[in-house]
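Asker: Turn this into a model:
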Amino acid sequence: MRIALYQPDIPQNAGTLIRLGAGLGVAVDIIEPCGFVMTDRRLRRAGLDYLAAATLMRHASWSAFRAALAPVARLVLLTTQAELPYFRFGFAASDVLLLGRETAAVPPDVHAACAVRLKIPMRPGMRSLNVAVAGAMVLGEALRQTALFPGGSE
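Answerer: Numbers count the residues shown, from 1 in each chain. The predicted structure is shown next:
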C-alpha cells in the first residue's frame with residue numbers, strides 16, 4: 001500500500017500525509033512539480049519529527065512516477081468525479097492511493113491512467129474534503145480491509 005500525491009500545492013497537507021504514512025508504515029510518493037519546496041517550514045511543522053521516519057520517494061514527473069511503479073500496483077484515484085464510494089471497493093495490498101492537487105485535482109490523462117476512481121460521499125452542496133483528511137479516511141479503510149494496520153493482529 002502506498003499514498004501518492006500528484007503535484008501537491010499545500011505543504012501542510014503534504015506534511016500531514018507524510019506523517020500519516022510514517023505512523024502507519026505506508027510509503028508516500030511525491031509527484032513533482034510541487035507548489036512548494038520540500039524544505040518549506042510549513043511542511044516540516046505539519047510533519048514534525050515523523051518526516052525522518054517516513055518512506056518517501058520523489059518523482060520528477062508523472063511519467064517518472066509511472067515508470068517506478070511496481071508491475072502489480074493498481075492506481076486508485078480519489079476524486080469527486082467518481083461514482084463508486086470508497087467503502088464499497090475491495091482494496092489490495094499493492095494499491096497506490098493517488099491524491100490530486102488541492103487547487104486543480106489531476107488532469108484528464110492522469111485520471112484516465114488510473115484503474116479505479118473512488119469518491120467520498122458527501123452531503124448535497126458540499127464540494128470536497130481537505131486532501132489530507134480524504135487520504136486518511138480512505139487509507140484507513142484500505143488498511144482495515146487488507147489487514148495492514150501496524151499491530152493489526154492485536
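
Asker: Kindly list the single helix or strand of the protein that scores lowest on mean pLDDT.
Answerer: helix 41-47 (a mean of 65; mean pLDDT, DSSP states H and E).

Asker: how about the helices of this structure, start to end?
Answerer: Here the chain has its helices, by DSSP state H, at 11-24, 41-47, 62-68, 108-113, 131-146.

Asker: Mean neighbour count and distance to Pro124 for those - can I get that in JSON lines?
Answerer: In this view, the C-beta of every residue, glycine as well, is placed from N, C-alpha and C. Converted to JSON lines, the helices of the chain look like this (neighbours: other CB atoms under 10 Å; distance: least, CB to CB, whole Å):
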{"stretch": "helix 11-24", "mean neighbour count": "22", "distance to Pro124": "25"}
{"stretch": "helix 41-47", "mean neighbour count": "17", "distance to Pro124": "31"}
{"stretch": "helix 62-68", "mean neighbour count": "14", "distance to Pro124": "33"}
{"stretch": "helix 108-113", "mean neighbour count": "13", "distance to Pro124": "23"}
{"stretch": "helix 131-146", "mean neighbour count": "19", "distance to Pro124": "18"}
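
Asker: Adding distance to Lys119, write those out as CSV.
Answerer: As requested, these are exported to CSV (distance: least, CB to CB, whole Å):
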stretch, distance to Lys119
helix 11-24, 18
helix 41-47, 25
helix 62-68, 22
helix 108-113, 13
helix 131-146, 9
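
Asker: Identify the residue nearest Cys34 in space, chain neighbours excluded?
Answerer: Pro8 (5.5 Å; CB to CB, 6 or more residues apart in numbering).

Asker: Any figure for the gap between that neighbour and Ala82?
Answerer: 20 Å (CB to CB, to the nearest Å).

Asker: do Ala73 as well
Answerer: 19 Å.
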